[in-house]
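Visitor: With the sequence up front, the predicted model follows.
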Amino acid sequence: MTSPELSTLTTTRIGGPAGSLIRAGSQREIIDAVRAADERGRPVLLVGGGSNLLVGDDGFDGVVVHLASQGLEVSDPSDDGSVIVTVQAGHAWDDVVEQTVSRGLVGLEALSGIPGTAGATPVQNVGAYGAEVSRTIVRVSTWDRRAREVREFEAAELDFAYRDSLLKRTTEAGSPRYVVLEVGFRLAQGTDSAPIQYGQLADALAVEVGGSADPAQVRRTVLELRASKGMVLDPQDPDTFSTGSFFTNPIVEAQEAERLLPAEAPRYPVLDGSGSPVEGRLKLSAAWLIDRSGFGKGFGLPGTRNEHLGLEGPDVAQGRAAVSTKHTLAMTNRGSASASDVEALARTVRDGVQEAFGVQLVPEPVMVGFRL
């Protein structure tokens, strides 16, 4: 019997064969599949929407558990009017956002259009347009593979940081200690969105940074902005065959930023898990660094060239993988790329930024047999 290809489960459409594949449609099925693999000493890889996962051409010689649990429940309002929205790990994230906005709940609207599942959001502390899930998560239910029991985490126990959490730090090569089963979000009821913290979004909504807008309008605007950057999945658009943002925005000491970068380089405050500024540190724009290092939109396609390196774009991966034509932060499969092609492109971009600015870019996705 032919082994299933992981390329069918990832948004990059790359990845070799899986040893075996189990579709788990409930919490009990997730626990049973993981526990059975652990008892047999088999490696385990969890896959939800596959939007933050890069698998090498050799695939994964173990048990792939495809999280497919569904369901969203809203509690009765508490004394302060807020509600707890409990979501199963396999539930599509954008459907969570759509449902909460349609029910008049506030807090997730700026996170519209992000591919993947709800269970992945606390692991990566998913964020976009100045919002992060850590600001609304109140609890996460997990299966602790080491203790072999269900463990509940309160938000404070997860030690959230920029694109990071305890859940991520206890994961190795896509195999976590804590398997997310469900996530609880505390959301407000109201007609005004959470404060808009991102300048581009504020401009598009014609509000000041820190101001609010109609949540449904925020969602529509975010979807439009993401689509313009190739960040909304579209089977007809190779720019969306990616993991979205391939690299995290580098965080450096403020003095280091002044030494390494020209004055016009974008700099942003670093916020902790509660949204408070971290003194003495700055977040840089990975997209700006990539572009200014000579990797413009579409680099890798015929006719593109990095003048800084004297490098023709198609020489990297023969045009099979390229920087998105819409956004320099996405490494894309143009339709026939192998994992090796995407590896070569990402490695070239990473090393080029290091050479140009002395800044080390760090990949955002989980990598399994994918080597930079």
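Guide: Looks like it arrived, so ask away.
Visitor: List the buried residues for the strand of greatest length in the chain?
Guide: For the chain, the strand with the greatest residue count under DSSP state E is strand 178-189. Residues of strand 178-189 classed as buried by neighbour count (16 or more other CB atoms under 10 Å): Tyr178, Val179, Val180, Leu181, Glu182, Val183, Gly184, Phe185, Arg186, Leu187, Ala188. Yep, even glycine has a C-beta here, placed from its N, CA and C like the rest.
Visitor: Just read off the phi/psi values of the closest residue to Pro250 other than its chain neighbours.
Guide: Spatial nearest neighbour of Pro250, chain neighbours left out: Leu284 (4.7 Å); criterion: CB to CB, 6 or more residues apart in numbering. Main-chain dihedrals, Leu284, degrees, to the nearest 10: phi -100, psi 170.
Visitor: Likewise for Asp341?
Guide: Torsion angles at Asp341 (phi, psi; degrees, to the nearest 10) stand at phi -70, psi -50.
Visitor: Is the nearest residue to Pro4 once chain neighbours are set aside part of a helix or strand, or is it coil?
Guide: Nearest residue to Pro4 in three dimensions, chain neighbours excluded: Leu21, at 4.6 Å (CB to CB, 6+ apart). Classification of Leu21 by DSSP: H, G, I helix; E, B strand; the rest coil places it in strand.
Visitor: Helices along the stretch 1-150 of the chain, start to end?
Guide: Ranges of helices within the stretch 1-150 of the chain are 27-39, 93-102, 121-124, based on DSSP state H, counting those that start in this stretch.
Visitor: And for the stretch 251-372 of the chain?
Guide: Under the criterion DSSP H, counting those that start in this stretch, the stretch 251-372 of the chain carries helices at the ranges 254-260, 286-292, 314-317, 339-357.
Visitor: export those to TSV and tack on mean neighbour count?
Guide: Shown next, in TSV, are the helices of the stretch 251-372 of the chain (neighbours: other CB atoms under 10 Å):
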stretch	mean neighbour count
helix 254-260	14
helix 286-292	22
helix 314-317	20
helix 339-357	21
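Visitor: how about those, which one is nearest Glu172?
Guide: Of all the helices of the stretch 251-372 of the chain, helix 339-357 sits nearest to Glu172, with 19.1 Å by CB to CB.
Visitor: roughly how far is that closest one from the heart of the chain?
Guide: Computed by CA atoms, centre = their mean, to the nearest Å, the separation of helix 339-357 from the middle of its chain amounts to 19 Å.
Visitor: Could you name the helices and strands sitting against it?
Guide: Helix 339-357 sits against strand 53-55, helix 286-292, helix 314-317, strand 321-323, strand 331-333, with contacts defined as 3 or more CB pairs under 8 Å, 6 or more residues apart in numbering; DSSP states H and E.
Visitor: Show me what the last one is in contact with.
Guide: Read it as strand 331-333. Contact with strand 331-333 is made by 12-14, 230, 238-243, 246, 320-324, 341-342, 345-346, 349, as judged by CB atoms under 8 Å, 6 or more residues apart in numbering.
Visitor: filter those residues to the buried ones?
Guide: Among the contacts of strand 331-333, those scoring as buried are 12-14, 230, 238-243, 246, 320-324, 341-342, 345-346, 349 (criterion: 16+ other CB under 10 Å).
Visitor: who's in contact with Thr10?
Guide: By CB under 8 Å, 6+ apart, Thr10 lies in contact with Val47, Gly50, Ser51, Leu53, Leu54, Val55.
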